[in-house]
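*Asks:* no FASTA, just this:
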């Protein structure tokens, strides 16, 4: 087993864990990290199942919250707890590849909505924000930046 470790969004690895029950497999990412120990990551599927209702990043009272699309439930704390439990299991990694535009994993590409679900801007998903704070020495990117892995 490799001593180099990479966290990769599970949907990029081909796992059927997206809200719509689909995958977003990116063979270039898998190939680029074949020398690494790959750690799949999806905070949503274990909590909400697959398929599931969509979630969005919604700015409320100046803070980003994770809100379900159909039921308008705030699931921010559940996701934070899941992400922090994951970090405790994998406290050291070298690189992280996240899924762009995801409300969990987007890295500067996630739509941030207002309370009327209108686009305000783009920013980070909840996991991306937490990973950036915790994994300060890891190279964090999304699958669109695969050419910059070296």
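*Replies:* Ah, there it is. As the structure is a prediction and not an experimental result, all values here were calculated from the model.

*Asks:* Which residue lies nearest the spatial centre of this protein?
*Replies:* residue 105 (2.1 Å; CA atoms, centre = their mean).

*Asks:* For the closest residue to it other than its chain neighbours, give me the pLDDT.
*Replies:* Using CB to CB, 6 or more residues apart in numbering and skipping the chain neighbours, the partner closest in space to residue 105 is residue 98 (3.8 Å). In short, each C-beta sits where N, CA and C put it, glycine included. Note on residue 98: pLDDT of 98.

*Asks:* my guess is residue 98 meets residue 107, correct?
*Replies:* Yes: judged on CB atoms under 8 Å, residue 98 makes contact with residue 107 at a distance of 5.3 Å.

*Asks:* what is in contact with those two at once?
*Replies:* Counting by CB atoms under 8 Å, 6 or more residues apart in numbering, the shared contacts of residue 98 and residue 107 are 125, 128, 140-142.

*Asks:* Could you tell me how far the biggest helix by length in the chain lies from the centre of the chain?
*Replies:* Secondary structure assigned by DSSP state H gives helix 76-89 as the longest helix of the chain. Once both centres are worked out by CA atoms, centre = their mean, to the nearest Å, helix 76-89 turns out to sit 12 Å from its chain's centre.

*Asks:* Equivalent analysis for stretch 84-93, please.
*Replies:* Worked out by CA atoms, centre = their mean, stretch 84-93 lies 14 Å from the chain centre.

*Asks:* which residues sit against stretch 62-72?
*Replies:* By CB under 8 Å, 6+ apart, the list of residues contacting stretch 62-72 from outside reads 53-60, 73-76, 79, 103-104, 112, 123, 126, 129.

*Asks:* I'm done for today, thanks for sticking with me.
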